[in-house]
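1. I need the structure of the sequence given here:
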Amino acid sequence: MKKQRSDLRNIAIIAHVDHGKTTLVDEMLKQSGTIIPGSSSVDRIMDSGDIEKERGITILAKNTSVKLPEAKINIVDTPGHMDFGGEVERTLQMVEGFLLLVDAAEGPLPGTRFVLQKALLLDLKPIVLINKIDRKDSEIDRVEEEIHNLFLDLAHHEDHLEFPILYGSSKLGFVSKDKNATSGDLKPLFDTILKHIPAPSQEDSKLRLLITNLDYSDYLGVIGIGKVVSGTVKVGSEIICCKKGYESKPTKITQLYEFEGVSRKEIDSAKYGDIVAVSGVDEKLSIGTTICNVGHPLPVPYVEIDEPTLSVYISVNSSPFSGKEGKLLTSRQIRARLEKELKTNVALRVEDTDSAEKFKVSGRGQLHLGILIENMRREGFELEVSAPEVIYKTIDGKKHEPVELLTVNINKEHQGDIIKMLGERKGLMQKIETLENERVGLVFKIPARGLIGFRSQFVIMTQGTGLIGSQFVDYQPYFGKIAGRRKGSLNSIENGNATAYALDLLQSRGTLFVKPTTKIYEGMIVGEHTRENDLDVNPTKKKKLTNMRASGSDDEAMLAPPREINLEAALDWINSDELIEVTPKSIRLRKKYLKAVDRKRNKK
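-> Residues are numbered from 1 along each chain as shown. Sure thing, here's the model as predicted:
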């Protein structure tokens, strides 16, 4: 007999970057009385990492809950970026419905489409909230029409097209059924969740707890986070772990937690529908593991995680500046950090190489790998990182490569340039549509390697006005050769400090990456050449002193500001014969072979 829990709802929040998702969760916690308004913990609770707060993106799926008089609502935040698809898919298996948050001016963007598609594939019940209706440039009617068109495009059956639409502003803390509302509270949102999101149910009372996420604590070890699909789980009771035909020996759960507001609360038992964290299990927990009663192995089917499509080599820093800025330098420390990351970052792969000082790290995309490297940098590591490479497969004796579906939203004036550049990168146009405000939407099928270095060029070509999103499709036959970076590098042939005099002479040869007084070593890349070939230069050259002074010519050099290179830009820019030197204080570009004579000798 089917049982339902009317005192509980599980819901995911889906939104594109910067559409107000984290602010809305903060308001829900405040207005439900779950946490005290004004406390220091109530600020962008769902973006808990430093990088998440800086970039305004969600990287790791997180759980929280609000308590209402009628029921408890478990809220799961989902990453909006395609590189964190591994997080998205697992998160959605914990809920019965979702809240789609869309900006009242920007409308549904590429990242929204990606997560919405995943949610509808799992047959989850939708609620739509058009957020930021207080914006002066909001166009609610247009955005509402775009949302309906998006659902028409992605829906699998008619039920997906029936959903309530709410309007509000998470910043001002109100939601309403009236699109012209200017104030209020979140009660209409809470009421809609309780009315439209199905309550958790179970067919039988046999225990099934599906682990969909992992956390790690130095004190508790691996912590499994998941949903009790059926039955009741109790601290101290004997259980087994099942996955893909594997069945563990009986073991016990020693600690069980529920999510209350922003913290975890230790509990003795949990029943079907609850989202919990478990620790102290002797068996090594992994994503997709089902915890069951002894003698009743009933593994729950779970969504497989997308395979990695991109890899980089991370190695010990071997530059002349090694050890000057970081404190974690050895291969043993790098290996330990990567192994720790594997415990929770399930879309990541780490492999040994023929060198003990180098590791092959594979992930879902450039941002996925970049976030890991940036975290390690902030922790005090010094690393060398190679250029990203796509992961090829041989299928039926033929070379196949990962293909992405790329969606761009740009001004009409940039359409020709973008189509031309994507064509050169083997992109095949699938769709073109005219949007409001003199904008167009383009959809391309493109090999993943065609996107390496594309995003930075896209920002420059669209003058920062373009929107971009990509989604892994599948592996397809090799598309053919793609031309790499069109410009060579300016490589230092000396050690020392850069001088204004030398840099002034080099300005005409290309774009500089360094400024006067920057410490430089032989083989370090100091700029981008105007031509296709690399050029060896001396950025430390000093003006010869004489006792003569020429009128005007001894004035200070007029230098253009150097191009700032961050980790993301560096991964976009470098070629296969170059490396990124990553330290807590600096991002430097260098040649694999520092000496010019070695570069010539090893040139293919």
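2. Now do stretch 421-430: everything it contacts.
-> For stretch 421-430, the surrounding residues in contact (Cβ atoms under 8 Å, 6 or more residues apart in numbering) are 405-406, 419, 442-447, 450-451, 454, 457, 461, 479-480, 482-483. Quick note: C-beta positions are derived from backbone N, CA and C, even for glycine.
3. repeat for stretch 216-225
-> 63, 211-215, 255, 275-281, 284-285, 289, 291, 340, 343-344.
4. that older thread, of the contacts of stretch 421-430, which belong to strands?
-> Counting by DSSP state E, these place 405-406, 442-447 in strands.
5. out of those, who has the most neighbours?
-> Using other Cβ atoms under 10 Å as the neighbour test, those are led by Leu406, with 26 neighbours.
6. what is that one paired to in the beta sheet?
-> Note on Leu406: beta-bridge partners by DSSP bridges are Phe444, Ser470.
7. Going forward, the N-terminal residue is numbered 17.
-> Sure, I'll start numbering at 17, so the last one becomes Leu422.
8. From Gly123, how far out is it?
-> Per Cβ to Cβ, to the nearest Å, Leu422 is found 18 Å from Gly123.
9. do the same with Leu522
-> Counting by Cβ to Cβ - Leu522 and Gly123 are separated by 46 Å.
10. Between which two of the ones in strands among the contacts of stretch 437-446 is the distance greatest?
-> By the measure Cβ to Cβ, Leu458 and Pro463 form the most distant pair in the ones in strands among the contacts of stretch 437-446, at 16.6 Å.
11. these two touch, right, Thr556 and Ala516?
-> No - taking Cβ atoms under 8 Å as the definition, Thr556 is not a contact partner of Ala516, at 11.3 Å.
12. neighbour-wise, which of the two wins?
-> Comparing Thr556 with Ala516 by neighbour count (other Cβ under 10 Å), the higher total belongs to Thr556, at 21 against 16.
13. quick one: contacts for the nearest residue to the more buried one once chain neighbours are set aside?
-> Nearest residue to Thr556 in three dimensions, chain neighbours excluded: Gly512, at 3.6 Å (Cβ to Cβ, 6 or more residues apart in numbering). Counting by Cβ under 8 Å, 6+ apart, Gly512 touches 535-536, 556.
14. One more: Ala293?
-> Contact analysis of Ala293 by Cβ under 8 Å, 6+ apart lists 231, 239-241, 272-275, 280.
15. Report pLDDT for it.
-> We have a pLDDT of 88 for Ala293.
16. Spatially nearest residue to it, not counting backbone neighbours?
-> Tyr273 (4.3 Å).
17. Which helix or which strand is home to that neighbour?
-> Applying DSSP states H and E as the criterion places Tyr273 in strand 271-276.
18. Quickly run through the sheet partners of the helix or strand just after that strand, with directions.
-> Using DSSP H and E, the next helix or strand after strand 271-276 towards the C-terminus is strand 279-282. Its sheet considered, strand 279-282 pairs with strand 271-276 (antiparallel) by DSSP bridges.
19. what residues does the partner strand touch?
-> When contacts are defined by Cβ under 8 Å, 6+ apart, strand 271-276 is touched by residues 50, 79-81, 83, 90, 236, 249-251, 280-286, 290-296.
20. buried sites along that strand?
-> 272-276 (16 or more other Cβ atoms under 10 Å).
21. what distance separates it from the centre of its chain?
-> Here strand 271-276 shows a centroid-to-chain-centroid distance of 27 Å under the convention Cα atoms, centre = their mean, to the nearest Å.
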